[in-house]
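Q: what would the 3D arrangement of this be:
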Amino acid sequence: MARSKDARVTTALACTICTCKEAGDRSTGISRYTTRKNRRNTPTRLESKKFCVCCHKHTCHKELKR
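A: Predicted coordinates for the structure are as follows:
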């Protein structure tokens, strides 16, 4: 079966603050959200403000690399 050339893809958004924490801090994990985007309309990486469960505040979440 060939892979679909669909314009919509599922992407993951990760918290930028949780991923930047140093090893010395007690990190409870990384907050991740999944969303769908249209590849043709938004070729750049997504970035939005979401609530981070680990940081307990609204932070910037960026699209992960594939």
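
Q: at the geometric centre of this structure, which residue do we find?
A: Nearest to the mean C-alpha position of the chain, by C-alpha atoms, centre = their mean, lies Leu13 at 0.9 Å.

Q: mind listing the helices for the chain?
A: 16-20 (DSSP state H).

Q: circling back: can you tell me how far the residue nearest to the centre of the chain is from Thr35?
A: 6 Å (C-beta to C-beta, to the nearest Å). (Glycine included, C-beta is placed from N, CA and C.)

Q: quick check: neighbours shared by the two?
A: The overlap between the contact sets of Leu13 and Thr35 (C-beta atoms under 8 Å, 6 or more residues apart in numbering) consists of Leu46.

Q: related to what we said a few turns ago, now the residue nearest to the centre of the chain, nearest residue through space, not along the chain?
A: Among residues not flanking Leu13 along the chain, His61 sits closest, at 4.0 Å (C-beta to C-beta, 6 or more residues apart in numbering).

Q: worst-scoring helix or strand of the protein, pLDDT-wise?
A: Counting by mean pLDDT, DSSP states H and E, the weakest-scoring helix or strand in the chain turns out to be helix 16-20, with a mean of 77.

Q: show me the strands in the protein, by range?
A: Counting by DSSP state E, the chain has strands at residues 8-15, 32-38, 47-52, 57-63.

Q: now those strands as JSON lines including mean pLDDT?
A: Formatted as JSON lines, the strands of the chain follow (pLDDT from 0 to 100):
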{"stretch": "strand 8-15", "mean pLDDT": "91"}
{"stretch": "strand 32-38", "mean pLDDT": "92"}
{"stretch": "strand 47-52", "mean pLDDT": "93"}
{"stretch": "strand 57-63", "mean pLDDT": "92"}
